[in-house]
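Q: Sequence plus the predicted model coming up.
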Protein chains: 2
Amino acid sequence: MKMNAYVAGVGMTTFGRMMDRGMKSTGGEAIETAIADAGLQKSDIQAAWMSNAAAGVLTGQECIRGQVVLRGIGMGGLPVVNVENACASASTAFNQACAMVTAGAYDVVLACGVEKMYLEDKAKVFGAFMGAVDVEQLKSILDGLQKSAAASGATEASKSAGKNRSMFMDIYAAAARGHMERYGTTIEHFAMVSAKNAYHGSLNPRAQFRDSLTVEEVLASPMIAEPLTRPMCSPIGDGAAAVVIVSERKMRELGLTRPVRVAASVLRSGWDHGPAAEGVAEVCSREAFEQAGIGPGDLSLVELHDASAPAEIMGYESIGLCAKGEGGPLVASGATRLGGRVPVSTSGGLLRKGHPIGATGIAQIVEITEQIQGRSGARQVAGAKAGLSHNGGGSIGTDAAAQCVSILTAA
Amino acid sequence: MKMNAYVAGVGMTTFGRMMDRGMKSTGGEAIETAIADAGLQKSDIQAAWMSNAAAGVLTGQECIRGQVVLRGIGMGGLPVVNVENACASASTAFNQACAMVTAGAYDVVLACGVEKMYLEDKAKVFGAFMGAVDVEQLKSILDGLQKSAAASGATEASKSAGKNRSMFMDIYAAAARGHMERYGTTIEHFAMVSAKNAYHGSLNPRAQFRDSLTVEEVLASPMIAEPLTRPMCSPIGDGAAAVVIVSERKMRELGLTRPVRVAASVLRSGWDHGPAAEGVAEVCSREAFEQAGIGPGDLSLVELHDASAPAEIMGYESIGLCAKGEGGPLVASGATRLGGRVPVSTSGGLLRKGHPIGATGIAQIVEITEQIQGRSGARQVAGAKAGLSHNGGGSIGTDAAAQCVSILTAA
């Protein structure tokens, strides 16, 4: 559906390792920040879409995750919908919230994503990722990844799919090898993505990692799943992000000085298709540009789902920043670095800002909103007018299980 | 929001213990049945809201549950939103699907609920219910339930809250004791609910339990959590239910001969309040009747959330079939039995049709739809014109964490 909704307020916690904070703590902080940012009260919120991907497996909070977080800050009574779409959970919550406001069902709603991943038991955390594919096919998926790694001549260290790392890094590694073979993309290109996002993250006070990294440092880091070294893989993390969405009527009533318009938000699930076919990210992006009435050339900035460095390069191509196969040269050109033609993942991205799964899609919206409002400090994109968020999750067949592409513009 | 949507097709599996069937099998069957019932093709479905409550803990399918089920029957590409609200998960999916159609976002959508609960490891199943309260407060909740049971003089067998049964049966038992003390409700009243729903279930080919039960047999059954005997507690179960929702425009285009209108659907979460205050079920019911423009006296039938027998009696009062405290006498009067003034849980209810958690709310919609369409066979309510579904889930503070009340009418 064609969206007509406005971002009235945003909030997020610093992402990172917070052994002393649970979902109620981080979720509550993000929500209170977003509501205050909108100049509203908790009682103004008419409905909430709450996103989390893995609390059932990780903390035992299998159900009513949103109600638990909201009750922690004294909010109850309102409609609460707990939504999940793996790593695209938060953008799904955002999409649904915007759709309901567009529809006229509500004037003021909340979308919040929250995840608690750092536990004493790391095996449990990595195990949770296995739940983002068809678990009945898990064994054959793992076997396939291992065979692909072995056939490519990958080092011994990277052949045990899903061991001591998210299985998704093996999925990304296989895709990266395919991109290298097909298009001549190099491991240096992937390292450039990590170094660029480390630079962006160094400018973001809420990023999980603030240290800079050179291309050489990225290449010299420990191998996780060939060709991915550690800084080419997003970390696990704790944190929350929230956004208050309002109708056009409410936006005018509030007299927002720097309103940001949700010009498009397209959610779709993936399907089985060959590598040459258009995938779910391509379809969502195309439809989002149609909805917004702009093209890739009109974007001031992009927050990409760089769960791994090659995913950012493939993302460039999916959303149309460059042609298929040209993602490597694009990052090499500097176009996607702050100061370049279209800065990508100015927040530091999933690689450096961090990736608390169920919070990520809304953290992207927070970054784009603040950029358009001109309050991004040292990493401000001058004159930012339009930004795109690209958030994918899970794996189904040969594609992401869920993909959401949203476009925000200066109202 | 005021709903304007239509049920074009329904489908559900038999509920029960199906050790050889997973969510893909039951979910796929329910969806294919519903789409065929609507006279549509899979490719006609524009979006899907998929409900499940506990697959993460129970089967490891923590994420993308809906996409996995849909891919199993060759459906992909469409927007899929996985929603969760504990035992009210399916009504939440239904509510969201109806809202989006009402809003004009789509003409043809799917809502499906599916749950797989029978596993070799029963402790795991009962443990999953612990995830439907605030898990950070689990210990104090269990302590409180145990103290309440001990103080009431409950038998030893019923004092270990959450052991070898769902913790929710202890929550219901405590509420039942409160109702007995406050209003003079008796254990016989609860047994009458179970016997009535057993009679209804005996007439439903898709019910988990088809055997009849007398009040005496219910009373003589093993004590689970005083005063609840086994037939006063809903069983665990496997199964799925699905519904195709269409817009008014599409309803006319399809030329449906027996269209059923979604006249209201109200979703809210609970909050902390005293026993005398209006709770979330009361608020949802009041708002649903306002939306539908009818009152409790206009209902032909009701599907109540009888997760336990006392919950049905309290539900009568919440939705206004009788005054507070009059639920016991109401069931004793026979008014809620087939042939009575307003038959309740003609399907057999959660107690006898079964309660595969994430499927229940949509199974209620299936029952009401078929009743209004006059195709309920031996349990048909003559001239059924309007039905109400009441689906609650989880526990937050002193209330259900989520509640959804929907009203369907002959279009």
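A: That came in fine, so what should we check first? Numbers count the residues shown, from 1 in each chain, chains lettered A, B, ... in the order given.
Q: how much space between A:E312 and chain B?
A: 22 Å (Cβ to the nearest Cβ, to the nearest Å). All C-beta atoms are positioned from the backbone trio N, CA, C, and that covers glycine.
Q: do the same with A:E248
A: 15 Å.
Q: what's the burial count for the closest residue to A:N52 other than its chain neighbours?
A: In this structure, A:N52 finds its nearest non-sequential neighbour in A:G358, 4.0 Å apart by Cβ to Cβ, 6 or more residues apart in numbering or on different chains. By the criterion of other Cβ atoms under 10 Å in any protein chain shown, A:G358 has 36 neighbours.
Q: Over to A:G354?
A: Neighbours of A:G354 using other Cβ under 10 Å come to 30.
Q: which ones are touching it?
A: A:15-16, A:207-209, A:234-235, A:237, A:239, A:348 (Cβ atoms under 8 Å, 6 or more residues apart in numbering or on different chains).
Q: can we see that at 7 Å?
A: A:15-16, A:207-208, A:235, A:237, A:239 (Cβ atoms under 7 Å, 6 or more residues apart in numbering or on different chains).
Q: Out of those residues, the closest to chain B would be?
A: Minimum separation from chain B among the contacts of A:G354 (Cβ to the nearest Cβ) is found for A:G237, which lies at 16.9 Å.
Q: sorry, back to before: let me know the secondary structure of the residue nearest to A:N52.
A: The assignment at A:G358 comes out as helix when based on DSSP: H, G, I helix; E, B strand; the rest coil.
Q: isn't it right up against A:E115?
A: Yes. A:G358 is in contact with A:E115 according to Cβ atoms under 7 Å; the separation is 4.3 Å.
Q: quick one: common contacting residues for the two?
A: With Cβ under 7 Å, 6+ apart, A:G358 and A:E115 have common neighbours A:52-53.
Q: Output the contacts of A:G354 as TSV; include the columns neighbour count.
A: Below are the contacts of A:G354 laid out as TSV (neighbours: other Cβ atoms under 10 Å in any protein chain shown):
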residue	neighbour count
A:F15	31
A:G16	19
A:A207	24
A:Q208	24
A:P235	21
A:G237	24
A:G239	32
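Q: In the stretch 201-350 of chain A, what residue lies closest to chain B?
A: A:W271 (2.8 Å).
Q: Next, the contact list for that residue, please.
A: A:W271 neighbours (Cβ under 7 Å, 6+ apart): A:397, A:399, B:76-77.
Q: Low-confidence ranges, chain A, go.
A: For chain A, the stretches with pLDDT under 70 are A:157.
Q: Show me where it has its strands.
A: A:5-12, A:47-51, A:80-84, A:108-115, A:223-225, A:228-229, A:239-246, A:260-269, A:301-303, A:386-396, A:399-410 (DSSP state E).
Q: With distance to chain B added, can I get the ones you listed in JSON lines?
A: Below are the strands of chain A laid out as JSON lines (distance: least, Cβ to the nearest Cβ, whole Å):
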{"stretch": "strand A:5-12", "distance to chain B": "12"}
{"stretch": "strand A:47-51", "distance to chain B": "8"}
{"stretch": "strand A:80-84", "distance to chain B": "4"}
{"stretch": "strand A:108-115", "distance to chain B": "12"}
{"stretch": "strand A:223-225", "distance to chain B": "20"}
{"stretch": "strand A:228-229", "distance to chain B": "22"}
{"stretch": "strand A:239-246", "distance to chain B": "14"}
{"stretch": "strand A:260-269", "distance to chain B": "4"}
{"stretch": "strand A:301-303", "distance to chain B": "20"}
{"stretch": "strand A:386-396", "distance to chain B": "4"}
{"stretch": "strand A:399-410", "distance to chain B": "4"}
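Q: Columns distance to A:S160 on top of these, output as JSON lines?
A: What follows is those, written out as JSON lines (distance: least, Cβ to Cβ, whole Å):
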{"stretch": "strand A:5-12", "distance to A:S160": "35"}
{"stretch": "strand A:47-51", "distance to A:S160": "31"}
{"stretch": "strand A:80-84", "distance to A:S160": "28"}
{"stretch": "strand A:108-115", "distance to A:S160": "26"}
{"stretch": "strand A:223-225", "distance to A:S160": "9"}
{"stretch": "strand A:228-229", "distance to A:S160": "14"}
{"stretch": "strand A:239-246", "distance to A:S160": "29"}
{"stretch": "strand A:260-269", "distance to A:S160": "29"}
{"stretch": "strand A:301-303", "distance to A:S160": "32"}
{"stretch": "strand A:386-396", "distance to A:S160": "18"}
{"stretch": "strand A:399-410", "distance to A:S160": "24"}
